[in-house]
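Q: Provided below for reference: sequence and predicted model.
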Amino acid sequence: MGEAAFSGRGFLLFCMGALAAVAHGALPDPVAFCAGYAAFGLVPLSVSYSSEYFDRISDRAGLRTLISGGSGMLVLHPEMATPALKIALTPNALALALATGLAVAGIVTPVFACMVGLGALLGWWYSAPPLRFVARGLGEASTAATLGMFIPATGYQVMADRIDPTLLPFLFPLLCYGMIFILSVELPDMEGDRLSGKRTFVVRYGRKVSVWAIFGCAAAASLFYALFPWEGGDSVIPAALSLIMLGTGAAGVLLPCESRKCLVRRSTANLAALNAFVLIANLSLLAGIAG
């Protein structure tokens, strides 16, 4: 899933949830935030190694790009498979131990510790048997839900000590963008994923349907921002930024291409637009809190 970028984007989404909590009245708590992310941030590290391990066979069928998930290191060095698996288990164990210790110390709530545990399971089962979401047609749903809902909700919870129903509208466009992220990563890898037995959305429905799905998700997010202005920050900024994502999504529909080089460019443009949205949205929230 482009694990290095996934980890960085995950941090920004965690920040977004925490900032949203403060914007809605929670008291800023730097200790809880830093301690909470120290625990939760170990989970993406585990995902990077577990995906390398469980995808090491299927990765042989694909050609790697800058946005492909994993590094392909175990394809070149299969003797490192067992150490990689042991390393993958370690961050999850540390995350659970730290989250539990923080809950016992009263720095975070037990709910947060449970959310860390659930995040560890979701990340593990993305590529690990017996569930192996990516091979069951559930990879997109699990990734979109993790990026668009679970990570920002965890950031919100660690700062507010609760999950409010009012958080759900805040998460809807992020859920759309989480889907755009995973579909964009999958677009150039359709042939390799098909050969390796992965049942991704792109493999099952093809690139034409997938680029329309990306555009549809971008349109849904932009429409949401038009109907429900941003709370806690500058309401114009997220709406304007959503148009950038809408533009890159529309380009995929209006200017279709099939060459791998072109597909990588299109997917990279989508991911760059997503990165810009998350970063500037955080700055918007921070400005709203400071102002």
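A: Here it is on my side, so go on.
Q: C-alpha only now, for contacts and for neighbours.
A: Fine.
Q: for the lengthiest helix in the chain, packing partners?
A: Counting by DSSP state H, the longest helix found in the chain is helix 260-290. Under the contact criterion of 3 or more Cα pairs under 8 Å, 6 or more residues apart in numbering; DSSP states H and E, helix 260-290 touches helix 3-23, helix 167-186, helix 236-254.
Q: any idea how far that helix is from the chain center?
A: 12 Å (Cα atoms, centre = their mean, to the nearest Å).
Q: what's the first helix or strand after the lowest-mean-pLDDT helix or strand in the chain?
A: Ranking every helix and strand in the chain by mean pLDDT, DSSP states H and E puts helix 73-76 at the bottom, with a mean of 64. Going down the chain from helix 73-76, the next helix or strand is helix 81-104, by DSSP states H and E.
Q: list the buried residues of stretch 91-107.
A: Residues of stretch 91-107 classed as buried by neighbour count (16 or more other Cα atoms under 10 Å): 91-96, 98-103, 107.
Q: ok so, going back, the longest helix of the chain vs helix 167-186, what angle?
A: Relative orientation of helix 260-290 and helix 167-186, computed by axes from the mean of the first three to the mean of the last three Cα atoms, to 10 degrees: 160 degrees.
Q: what's the angle from helix 260-290 to helix 236-254?
A: Using the same axes, to 10 degrees: helix 260-290 against helix 236-254 is 170 degrees.
Q: what angle separates helix 260-290 from helix 3-23?
A: Using the same axes, to 10 degrees, the direction of helix 260-290 lies 20 degrees away from that of helix 3-23.
Q: avg pLDDT for helix 260-290?
A: Averaged across helix 260-290, pLDDT comes to 90.
Q: mind checking how far residue 44 is from residue 211?
A: In this view, residue 44 and residue 211 are 27 Å apart by Cα to Cα, to the nearest Å.
Q: ok, back up a step: mind putting the buried residues of stretch 91-107 in TSV, pLDDT included?
A: Shown next, in TSV, are the buried residues of stretch 91-107 (pLDDT from 0 to 100):
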residue	pLDDT
91	90
92	91
93	93
94	94
95	94
96	94
98	95
99	95
100	95
101	96
102	94
103	94
107	93
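Q: got a list of what residue 171 touches?
A: 148, 149, 152 (Cα atoms under 8 Å, 6 or more residues apart in numbering).
Q: hmm, try it at 6 Å
A: Counting by Cα atoms under 6 Å, 6 or more residues apart in numbering, residue 171 makes contact with residue 149.
Q: from residue 165, how far off is it?
A: Residue 171 is 11 Å from residue 165, by Cα to Cα.
Q: repeat for residue 151
A: 16 Å.
Q: looking at these two, which is more packed in?
A: Neighbour tally, residue 151 and residue 165, criterion other Cα atoms under 10 Å: the higher count belongs to residue 151, 26 against 8.
Q: do I have it right that that one meets residue 16?
A: No. With contacts counted by Cα atoms under 6 Å, residue 151 stays clear of residue 16, the gap being 9.2 Å.
Q: the most centrally placed residue in the chain: what secondary structure?
A: Geometric centre of the chain, nearest residue: residue 147, 3.1 Å, by Cα atoms, centre = their mean. The three-state assignment at residue 147 reads helix, by DSSP: H, G, I helix; E, B strand; the rest coil.
Q: so where's the stretch 101-250 of the chain uncertain?
A: Residue ranges of the stretch 101-250 of the chain with pLDDT under 70: 230-235.
Q: need the pLDDT of the closest residue to residue 286 other than its chain neighbours.
A: In space, and not counting its chain neighbours, residue 286 is closest to residue 19: 6.7 Å by Cα to Cα, 6 or more residues apart in numbering. According to the prediction, residue 19 has pLDDT 92.
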